[in-house]
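*Asks:* Predicted structure and sequence below. I'll ask about it afterward.
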Amino acid sequence: MKVIRLIRLLGGILILFSGLQPSVHAFSAGQNQSDLSHFRESAGNSDEIEIQADTFGLPQSDHEIAGLYQKPSVFLQQADSIKFSVNIPKDGNYTISFDMAATESYINPPEGQLMIDGEIPLVDAQRIVFPVFYKNSRDTFPQDRYGNDALIRQERLYRWTKVPLRDLNFSQKFPTQIFLIRGQHTFEFKVNRESMLLGSIYLQPFSEYPSYAQYLAENPVAETSGVLIEMEAEFPSYKNDTAIRPVNDRSLDVTPNDTYKLLLNTMGGDSWDRSGSAVFYQFEVPQDGMYLVTLRALQNYKNNFTVFRKITLNDEVLYQELNEVPFQSDARWANITLGGDTPFKIYMKKGVNVLGIEANDAPYHSAIEKIKKVLIDINVLSLEIKKLTGNQADPYKEWVISDYIPYIKEQLLAIAADLQEDLAVLKSINQTA
């Protein structure tokens, strides 16, 4: 299912004021980006339970990166663990998030595991992979002796971020939910690989993202006008996967372009095929207000297939419609405004903001799992037939398989029904097929 997650983004991410014809204010994607990025706290939630690091029973870290975090933090190396107890006010599904920053690591990102009351509550808690961020080491592409662009060397970016517990493949629509009953629970978090700085841990009753209508009702902000901010997509401020890289496209519909030289003028393509891989663009807006976001994009890797991206602002999904933004198959580059004919408005505060674009295969998750189940069923049935025939292909011998495997008809019909159900799911996602 690799092809369903591919998209190519051009060098033009537009963040527009709604309303009047804008004047132009251009910002480099890397502007104001320091080696030690600031940490933006999310808006508090009254139902959220915060466990600060000074309750973990470990000395507070004096690491340089710890100084970028406004709360207590601890430094955890491989095999280190922390314990804490929480009183859960009511039964229900909860999500858990970690304020963290990856420190010096060589190849692998930090990994940990979570236990509750001495047991691993679900598979996703057994292996929690935390992000590592990278940035360009320079602001322009180096060139070879022919004048063609070459890739920029990547270097580590140390920054704090709030990381929710998610499935290992980043293929679920929402963060992982853990069912907890009312009362006291003991949590133990252990680092299994590399090292990391850990800040506060948050427990919050699970709720789906608000709808766009709810978001607008909760943010009755006047529209803004008069400014256009444009960034080249091939120069992200940072990313969480070095596999995502700029690529060349000779189309005249992208910028910059050159007839005789290979310019790296788009971002992604077949290098952006893993769910959870994300690029981030940092920019500054001059005033509070509602903004529109337009992407210059092309998805031409699989006819009649739709790919999806998760759009975040300052590490948050603001409403449901931004969790799975579709990009349909097209042969030409196009300016795609989020929301289409009725553009989605996004409230941004004056100052520095970060737009994230993450590959997301969650809409295809059920179909992928169903195909895996069908393949297992077919393999089991195939083994039973091989046991019967002795794994010998004899063209002169006929078998009435149903005499030996009485339920084979029901099995085949069940497999066919699963495939029909899968087809219906894929058609509902790809309505242009």
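*Replies:* Sure, I can see it.

*Asks:* For the stretch 301-433 of the chain, which segments count as strands?
*Replies:* Using DSSP state E, counting those that start in this stretch, the strands of the stretch 301-433 of the chain run over 307-313, 325-327, 334-337, 346-348, 351-359.

*Asks:* sorry, that was for the stretch 151-300 of the chain
*Replies:* 154-159, 161-164, 178-180, 183-193, 196-205, 227-231, 238-239, 246-248, 264-269, 278-285, 289-298.

*Asks:* What average pLDDT does the fourth one get?
*Replies:* For strand 183-193, the mean pLDDT works out to 96.

*Asks:* ok, now the third one?
*Replies:* Confidence for strand 178-180, expressed as mean pLDDT, is 96.

*Asks:* ok so, going back, looking at the strands of the stretch 151-300 of the chain, which is closest to Lys409?
*Replies:* strand 178-180 (39.4 Å; Cβ to Cβ). Where you see a C-beta, it was placed from the backbone N, CA and C, and this is true even at glycine.

*Asks:* Export the strands of the stretch 301-433 of the chain as a markdown table, with columns for distance to Asn93, mean pLDDT and mean neighbour count.
*Replies:* Below are the strands of the stretch 301-433 of the chain laid out as a markdown table (distance: least, Cβ to Cβ, whole Å; pLDDT from 0 to 100; neighbours: other Cβ atoms under 10 Å):
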| stretch | distance to Asn93 | mean pLDDT | mean neighbour count |
| --- | --- | --- | --- |
| strand 307-313 | 21 | 95 | 22 |
| strand 325-327 | 25 | 93 | 18 |
| strand 334-337 | 34 | 92 | 16 |
| strand 346-348 | 28 | 93 | 20 |
| strand 351-359 | 23 | 95 | 21 |
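
*Asks:* JSON lines please, covering the ones you listed and showing distance to Gln431.
*Replies:* Below are the strands of the stretch 301-433 of the chain laid out as JSON lines (distance: least, Cβ to Cβ, whole Å):
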{"stretch": "strand 307-313", "distance to Gln431": "14"}
{"stretch": "strand 325-327", "distance to Gln431": "10"}
{"stretch": "strand 334-337", "distance to Gln431": "17"}
{"stretch": "strand 346-348", "distance to Gln431": "26"}
{"stretch": "strand 351-359", "distance to Gln431": "21"}
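
*Asks:* Glu230 is nearest to which of those strands?
*Replies:* Of these, nearest to Glu230 by Cβ to Cβ is strand 334-337, at 11.3 Å.

*Asks:* Can you tell me which helices and strands the closest one packs against?
*Replies:* Where contact means 3 or more Cβ pairs under 8 Å, 6 or more residues apart in numbering; DSSP states H and E, strand 334-337 is packed against strand 289-298.

*Asks:* repeat that for 10 Å
*Replies:* Under the contact criterion of 3 or more Cβ pairs under 10 Å, 6 or more residues apart in numbering; DSSP states H and E, strand 334-337 touches strand 7-17, strand 289-298, strand 325-327.

*Asks:* got a list of what the most centrally placed residue in the chain touches?
*Replies:* In the chain, the residue lying closest to the centroid (Cα atoms, centre = their mean) is Gly276, at 3.3 Å. Going by Cβ atoms under 10 Å, 6 or more residues apart in numbering, Gly276 touches 5, 129, 131, 166-171, 240-241, 310, 358-361.

*Asks:* can you do 7 Å?
*Replies:* Contacts here follow Cβ atoms under 7 Å, 6 or more residues apart in numbering; on that basis Gly276 touches Phe170, Glu358, Ala359.

*Asks:* can you check Ile336 too?
*Replies:* For Ile336, the contacting residues are Thr294, Leu295, Ala297, Phe327, by Cβ under 7 Å, 6+ apart.

*Asks:* Determine the longest helix present in the protein.
*Replies:* Longest helix of the chain, by residue count under DSSP state H: helix 365-389.

*Asks:* hang on, the earlier thing: mean pLDDT lowest where, among the helices and strands packed on strand 334-337?
*Replies:* Sorting the helices and strands packed on strand 334-337 by mean pLDDT places strand 7-17 lowest, at a mean of 51.

*Asks:* Mind picking the one among the contacts of Gly276 that's closest to Asp149?
*Replies:* Of these, the one sitting nearest to Asp149 (Cβ to Cβ) turns out to be Ala359, at 23.7 Å.

*Asks:* Show the contacting residues for that closest one.
*Replies:* By Cβ under 7 Å, 6+ apart, Ala359 lies in contact with Arg5, Trp272, Arg274, Ser275, Gly276, Ser277, Arg309.

*Asks:* which one among the residues you listed gets closest to Gln143?
*Replies:* Nearest to Gln143 out of the contacts of Ala359 is Trp272 (Cβ to Cβ; 23.8 Å).

*Asks:* any idea how far Gln320 is from Lys173?
*Replies:* To Lys173, Gln320 is 9 Å away according to Cβ to Cβ, to the nearest Å.

*Asks:* so what sits against both of these two?
*Replies:* Shared contacts of Gln320 and Lys173, defined by Cβ under 7 Å, 6+ apart, are absent.
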